[in-house]
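> compute the structure for the input listed below.
(chains A and B)
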Amino acid sequence: DAGITQSPRHKVTETGTPVTLRCHQTENHRYMYWYRQDPGHGLRLIHYSYGVKDTDKGEVSDGYSVSRSKTEDFLLTLESATSSQTSVYFCATKGQHRDTQYFGPGTRLTVL
Amino acid sequence: GENVEQHPSTLSVQEGDSAVIKCTYSDSASNYFPWYKQELGKRPQLIIDIRSNVGEKKDQRIAVTLNKTAKHFSLHITETQPEDSAVYFCAGNNDMRFGAGTRLTVKP
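Numbers count the residues shown, from 1 in each chain, chains lettered A, B, ... in the order given. Okay, here's the model as predicted:
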């Protein structure tokens, strides 16, 4: 599982509150990704990082921001959570000279 | 941007039968095509992948075929077993755009 952890694993919050999800890896992988998974949509890329302080938007980035201040941590922030952001969030990592992504265990977020 | 279409969305087979899932992509620059398996409540995990310089790759009961001209690639599972029941995802755009998934059910 490439030493990837996500925290928290489950969270229930209210509309309008800020939420931060953390992805931590111990593999020194250069690339890190945040996806959301919803029924009928598969996995959709929110943001990704190609190095410390280097990030870019994915397919569904509106309402989300990210930060990567060190190699091992990639944070996903919902500044003001909405019910449409209720989802399962997966972090993934990839080594610099590899093609394969390795996924974390996921975080189930419910916004009431 | 890249589109990845996956079919069918659900597939039910009898144990021992074969299953085939197909994905089409739009980005001609894509050169890496993985397939992931996700069991209920678990994370997606890579089961097989293929690169654009290869037409077919096999690993025991699973195989992937690639047709770059037609821009499609397929997952083949032979001699299916109940433990093959899961959701399968393809990906394109060098692993950043996923298909919507296929829920495979293998009936004993």
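> so what's the closest residue to residue B:79 other than its chain neighbours up against?
Distances taken as C-beta to C-beta, 6 or more residues apart in numbering or on different chains place residue B:61 nearest to residue B:79, at 5.5 Å, with adjacent residues excluded. Every C-beta, even on glycine, is put in place using the N, C-alpha and C of the backbone. By C-beta atoms under 8 Å, 6 or more residues apart in numbering or on different chains, the residues touching residue B:61 are B:77, B:78, B:79, B:80.
> please apply the same query to residue A:84.
If a contact means C-beta under 8 Å, 6+ apart, then residue A:84 has residue A:111 as its contacts.
> that's a helix at it, yeah?
Yes. According to DSSP: H, G, I helix; E, B strand; the rest coil, residue A:84 belongs to a helix.
> relative to chain B, how far out is it?
According to C-beta to the nearest C-beta, to the nearest Å, residue A:84 stands 18 Å off from chain B.
> and residue A:82, by the same measure?
Remark: distance between residue A:82 and chain B (C-beta to the nearest C-beta) = 23 Å.
> what helices and strands are in contact with the helix or strand containing residue B:58?
Using DSSP states H and E, residue B:58 sits in strand B:56-59. Packing contacts for strand B:56-59, counted by 3 or more C-beta pairs under 8 Å, 6 or more residues apart in numbering or on different chains; DSSP states H and E, involve strand B:45-51, strand B:62-67.
> what's the burial count for residue 54?
You didn't say which chain, so I picked chain A. When neighbours are defined as other C-beta atoms under 10 Å in any protein chain shown, residue A:54 has 11 of them.
> chain B, not that one
12.
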